[in-house]
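Q: please find the sequence and the predicted model below.
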Amino acid sequence: MRRVVLNADDLGYDPAVTRGIIESMRQGVVSSTTLMVNTPHSEAAAQQASGLAVGLHFNLARWPSLSRPTHEFVEARANELSPDFVAAEANAQLNRLLTLLGRPATHLDVHKHLHRLPNVLAGVIAAARARALPVRSPDQTVRAALQAAGVVTNDLMLGDADRDAYWTLETFEAQLRALPERGLIELMCHPGYAPSHLTSGYSQQREVELATFTSPRAKELLDSLGLQLSCW
């Protein structure tokens, strides 16, 4: 059996990014998104996500901690966080998402894939197991650790956020045609409009991805391949 999730990261990161993600879901083919809950724009983003499949985009890279309000996250220092603190913060962010949305997260992924760090992964596993919550694995090392801990995770993840936009229509078609016939497959994406409040290395690239997933051709491709995208 094969299940394919097309998930847009970074809901709540910036108002323009949020606007594009919502558009990619309501008018396009994106099937799921993950919300950052400790940004100045989280509440407004949650209000726009009514009726959509929303997980937690667990953020340890910037903005204040929810479990320790005096702590400001810095990406380069994530390796210094204790697993117990990571677990407490994950629970605090999951609780905040529940408050904002009125429903629990569908799943959890981690901003910047910081759960590649062993201390972060240990805390994420503890929080996920307590809530029976699925967690994205970006690579085989994280996948093996999650599976060994009994945490539901994807069998394959495709997508990136580098110098060039990852999801062009050409790439989308090629990846869809090459998908395995079995497993839970996550296509990670970053559609949106260029950030209006923040400076980001992945800016205009978001607009390329937005154009990809709102293009009529994207829906035609899915239909022609008999693929129905799902959420976690």
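A: Structure's in. What do you need? Residues are numbered from 1 along each chain as shown.
Q: what about stretch 200-218, how long is it end to end?
A: The straight-line separation of the ends of stretch 200-218 (Cα to Cα, to the nearest Å) is 26 Å.
Q: now do the buried residues in that stretch.
A: Using 16 or more other Cβ atoms under 10 Å as the test for burial, stretch 200-218 gives 200, 202-203, 205-214, 218. Every C-beta, even on glycine, is put in place using the N, C-alpha and C of the backbone.
Q: again, but for stretch 108-116
A: Going by neighbour count (16+ other Cβ under 10 Å), the buried part of stretch 108-116 is 108-115.
Q: may I ask which two of those residues are separated the most?
A: Pairwise distances across the buried residues of stretch 108-116 (Cβ to Cβ) peak at 14.0 Å, for the pair Leu108 and Lys112.
Q: can you report how many residues lie near Lys63?
A: Lys isn't right for residue 63; it's Trp. Trp63 has 16 neighbours, counted by other Cβ atoms under 10 Å.
Q: list the contacts of it.
A: Residues near Trp63 by Cβ atoms under 8 Å, 6 or more residues apart in numbering: 36, 38-40, 72-73.
Q: drop anything exposed from those residues.
A: Buried subset of these (neighbour count, 16+ other Cβ under 10 Å): 36, 38-39, 73.
Q: which parts of this structure are helices?
A: With helices called from DSSP state H, the chain shows them at 15-26, 42-48, 83-101, 118-131, 140-148, 169-177, 204-214, 216-225.
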